[in-house]
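> structural data only, the sequence is not supplied:
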């Protein structure tokens, strides 16, 4: 690691959130402004339209670090939970969201929370850390895989399955010249994994 990289990393404040492998959890619990629960619920419900879902998926694919997200109103409409899991650093995650075109939607949701300054406001990170609760325990089923690696693995698997289903592959596999390849433990393991 170079000295400039070390200096940059040490300049970043310690951020809340529990890590497991390459991913980190992010949980905000904040007070909803009095009388805003219904408007907040309506704003979040608007996410569920097919067009809004597609737009969000496209934006999240652009970032490529978000594993999941959830938003919950609880405690008789007085509290809000925002929970996600992401790859990378806390600051980069927040900066990525602030740069998205959909950041205004995030502003609309969070504007119903007490004290929220706006996603592009320089004090937003202080507000987030003040309202963030670190998980006492956080578990990832795939701690070594980033979102982008999972997407790549899925694409490779789909392509491989298409090859396995191709009649040309079956012809090559059935050819006596392939017997030595078919007998290797690695090839057998590959076929067993593909069968699933």
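Good, I have the coordinates. If you're wondering where the values come from, they're calculated on a predicted model, not measured in any experiment.
> longest helix in the protein, please.
Determined from DSSP state H, the single longest helix within the chain is helix 147-165.
> that one packs against which elements?
helix 185-195 (3 or more CB pairs under 8 Å, 6 or more residues apart in numbering; DSSP states H and E). C-beta coordinates here come from the backbone N, C-alpha and C atoms, glycine included.
> so for the helix it packs on, mean pLDDT?
The average pLDDT within helix 185-195 is 84.
> one more: stretch 157-175?
Averaged across stretch 157-175, pLDDT comes to 87.
> and it, end to end?
End-to-end distance of stretch 157-175 (CA to CA, to the nearest Å): 24 Å.
> try stretch 176-189
20 Å.
> just to revisit the earlier point, next, the buried residues of the longest helix of the chain.
If you call a residue buried by 16 or more other CB atoms under 10 Å, then helix 147-165 has these buried ones: residue 147.
> for the following helix or strand past that helix, packing partners?
Counting by DSSP states H and E, the next helix or strand C-terminal to helix 147-165 is helix 167-174. Judged by 3+ CB pairs under 8 Å, 6+ apart, helix 167-174 is in contact with no other helix or strand.
> list the contacts of the helix or strand following helix 167-174.
Remark: after helix 167-174, the chain's next helix or strand is helix 179-183, criterion DSSP H and E. By CB atoms under 8 Å, 6 or more residues apart in numbering, the surrounding residues in contact with helix 179-183 are 173, 187, 188.
> and the spatially most central residue of the chain, its phi and psi?
For the chain, the residue nearest the mean C-alpha position is residue 66 (1.6 Å; CA atoms, centre = their mean). Dihedral angles of residue 66 (phi, psi; degrees, to the nearest 10) stand at phi -90, psi 120.
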